[in-house]
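Asks: task: produce atomic coordinates for the following.
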Amino acid sequence: MIRTTASALAYLLSSLVAGVVGLGWSLASTIGVALLSITQLGGPAFLGATWVTRRLAGLERRRAGWVLGAAVAAPYLPIEGATVRQRVRAVAVQPATWRDLAWLVAVFPLGLAGGIAAIVVAVVDLAAVVAPLWAWAVPNPHAPFPMRPLMTTVPGRFGLTVLGVLLLPVAAWLLRTAGRAQARIARALLAPGAHRQLVEEAARLAQTRRRVVDAQAAELRRIERDLHDGAQARIVAAGMTLALAARKLPTGATAASDVDLARRQLDDALTELRRLVRGIHPPILTDRGLHAAVAALAGDSPLAVEIRGDPEQRYPPAVESAAYFVIAEGLANAGKHAEARTCVVTLAGRAGTVTVTLTDDGQGGADPAGSGLDGLRRRVEALDGRLTITSPPGGPTVLSAELPH
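Replies: Predicted structure coming up:
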């Protein structure tokens with residue numbers, strides 16, 4: 001109890017100084033930034049003033065921790081932006097920026113009231129406890145009752161001491177209550193608010209979804225490897241065995257036709273299995289990257305496909321997989337439904353986003369709510385991406401997917 005009372009007293013007394021500093025800085029920074037806002041120095045001045053304000057608010061959080069038992073957590077979000085304007089906007093949209101300023105203004109009246117109250121309570125009670133040491137030096141025969149006998153007589157002075165000791169718990173309670181009240185107001189303004197919590201929750205959910213998507217992509221790659229190295233290899237081996245058996249059979253043997261039929265069935269099964277593997281996760285996508293996989297799609301397409309982009313650029317596996325299937329579906333629709341002859345595929349990666357764009361010269365009129373595009377949209381949105389299609393009657397059709405990574 002002694003420690004918490006001392007902490008509360010220190011907090012209330014230091015609030016007198018903090019209030020003057022906070023109010024002085026708030027007025028000076030607000031006026032200075034307002035005057036400079038009409039010049040090119042407005043942005044840097046705002047960022048500099050905010051930096052100082054946040055340091056002062058950090059001191060206030062630590063001071064509040066004296067009473068609350070732990071320092072208040074900082075509510076700030078990372079500041080992103082390549083230009084001063086972008087950084088100013090990133091700072092200005094955070095509620096914590098203005099709540100810091102509000103507290104530096106509010107701490108002046110709160111600190112003044114709390115500090116004076118703390119001084120009065122502490123001084124009066126301690127003065128009563130040590131009354132025999134000083135009351136004799138200031139006799140006041142005209143003091144009203146009951147102060148006259150307490151101040152002017154020895155028993156009265158020792159009575160003040162007893163009264164002061166008895167009131168020590170009350171004084172300590174008053175100091176702790178006043179300190180906690182002011183510290184809780186500080187925490188309400190300076191602690192992370194709903195905005196910070198929502199941003200953190202959104203980031204956590206995005207990270208969780210990204211891990212799930214990555215795990216799904218890894219599982220699909222594992223299935224593709226198992227099929228390629230397991231079932232596909234066995235079918236190829238069985239076909240070779242049948243070919244050897246066919247060579248050993250006598251010419252015109254009745255079993256020769258059955259062996260040939262079995263070989264054709266194995267070839268059909270192998271073709272179907274390879275198509276299935278490419279539909280799950282094409283091996284070339286893992287081995288050589290998105291550009292090479294798109295080049296393979298272009299080679300199989302009946303359209304004249306032009307590919308634009310950096311052939312050496314690699315992206316996260318889940319992003320490459322989603323982009324590949326967007327392009328595969330787009331090329332298939334362009335050739336099957338749009339009656340296109342040419343298509344331009346553009347792969348562009350910038351600022352943490354991969355943009356895939358397909359532009360064909362078909363007849364247009366594609367339905368954005370079609371089942372094929374709806375499946376692609378769900379695949380893209382699973383990565384927090386966006387799929388858009390523009391297909392006026394007569395064309396051209398532009399299919400675009402933005403995939404963050």
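
Asks: now Ala269: closest residue in space that isn't a chain neighbour?
Replies: In space, and not counting its chain neighbours, Ala269 is closest to Ile235: 5.8 Å by CB to CB, 6 or more residues apart in numbering. For the C-beta atoms, the positions are set from N, CA and C on the backbone; glycine is no exception.

Asks: state the distance from the one you found to Arg341.
Replies: Remark: distance between Ile235 and Arg341 (CB to CB, to the nearest Å) = 37 Å.

Asks: likewise for Tyr324?
Replies: Counting by CB to CB - Tyr324 and Arg341 are separated by 23 Å.

Asks: then Val294?
Replies: Noted for Val294: a distance of 18 Å to Arg341, by CB to CB.

Asks: those two - which one has more neighbours?
Replies: More neighbours surround Val294 than the other of Val294 and Arg341, with 25 against 13 (other CB atoms under 10 Å).

Asks: pretty sure the more buried one is in a strand, no?
Replies: No. If the criterion is DSSP: H, G, I helix; E, B strand; the rest coil, then Val294 is helix and not within a strand.

Asks: so it sits right up against Phe325, yeah?
Replies: No. Contact between Val294 and Phe325 fails when scored by CB atoms under 8 Å: they sit 11.1 Å apart.

Asks: hey, what's in contact with both of these two?
Replies: Residues touching both Val294 and Phe325 (CB atoms under 8 Å, 6 or more residues apart in numbering): there are none.

Asks: so Val17 belongs to a helix, correct?
Replies: Yes. Val17 sits within a helix when classified using three-state DSSP.

Asks: how about it, what does it touch?
Replies: Going by CB under 8 Å, 6+ apart, Val17 touches Gly111.

Asks: swap in Val354?
Replies: Residues near Val354 by CB under 8 Å, 6+ apart: 315, 319, 323, 347-348, 402-405.

Asks: for ChimeraX, what selects the buried ones among those residues?
Replies: Command for ChimeraX, covering only those of these found buried under the criterion 16 or more other CB atoms under 10 Å:
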select :315,319,323,347,402,403
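
Asks: redo the contacts of Val354 as TSV? Include secondary structure.
Replies: Listed next are these as TSV, based on three-state DSSP:
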residue	secondary structure
Tyr315	coil
Val319	helix
Ala323	helix
Leu347	strand
Ala348	strand
Glu402	strand
Leu403	strand
Pro404	strand
His405	coil
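
Asks: just the helices in the stretch 301-405 of the chain please.
Replies: Ranges of helices within the stretch 301-405 of the chain are 317-336, 371-381, based on DSSP state H, counting those that start in this stretch.

Asks: any idea how far the shortest one is from the middle of the chain?
Replies: This means helix 371-381. Centre-to-centre, helix 371-381 and its host chain are 25 Å apart (CA atoms, centre = their mean, to the nearest Å).

Asks: count of residues packed around Gly43?
Replies: Counted with other CB under 10 Å, Gly43 comes out at 20.

Asks: same thing with Gln313?
Replies: Gln313, neighbours per other CB under 10 Å, totals 14.

Asks: find the nearest non-adjacent residue to it, please.
Replies: Gln313 sits nearest to Gly349 (CB to CB, 6+ apart), 5.7 Å away.

Asks: which residues does the one you found bridge with?
Replies: Beta-bridge pairing of Gly349 under DSSP bridges involves Val354.

Asks: comparing the helices of the stretch 301-405 of the chain, which yields the minimum mean pLDDT?
Replies: Of all the helices of the stretch 301-405 of the chain, the minimum mean pLDDT falls on helix 371-381 (a mean of 75).

Asks: which outside residues touch that helix?
Replies: Contacts of helix 371-381 (CB under 8 Å, 6+ apart): 322, 325-326, 329, 333, 366-367, 386-387, 389, 401-403.

Asks: please redo it, this time with the cut-off set to 7 Å
Replies: When contacts are defined by CB atoms under 7 Å, 6 or more residues apart in numbering, helix 371-381 is touched by residues 322, 325-326, 329, 333, 386-387, 389, 401, 403.

Asks: what subset of the residues you listed is buried?
Replies: In the contacts of helix 371-381, the ones that pass as buried (16+ other CB under 10 Å) are 322, 325-326, 329, 333, 387, 389, 401, 403.

Asks: closest to Ala178 among those residues?
Replies: Leu403 (55.9 Å; CB to CB).

Asks: picking up where we left off before, I'd say the residue nearest to Gln313 and Pro316 touch.
Replies: No. When contacts are counted by CB atoms under 7 Å, Gly349 is not listed as touching Pro316 (11.0 Å).

Asks: any idea which helix or strand comes after the lowest-mean-pLDDT helix or strand in the chain?
Replies: Of all helical and strand segments in the chain, the minimum by mean pLDDT, DSSP states H and E falls on helix 147-152, at a mean of 59. Downstream of helix 147-152, the first helix or strand assigned by DSSP states H and E is helix 154-190.

Asks: report the mean per-residue pLDDT for that next one.
Replies: pLDDT averaged over helix 154-190 gives 79.

Asks: packing partners for it?
Replies: Under the contact definition 3 or more CB pairs under 7 Å, 6 or more residues apart in numbering; DSSP states H and E, helix 154-190 sits against helix 2-36, helix 42-68, helix 95-129, helix 131-134, helix 147-152.

Asks: of these, give the one that comes closest to Arg180.
Replies: When the helices and strands packed on helix 154-190 are compared by CB to CB, helix 42-68 sits nearest Arg180, at 5.6 Å.

Asks: tell me which residues in the closest one are buried?
Replies: 42-43, 45-47, 49-50, 53-54, 56-58, 60-61, 63-68.
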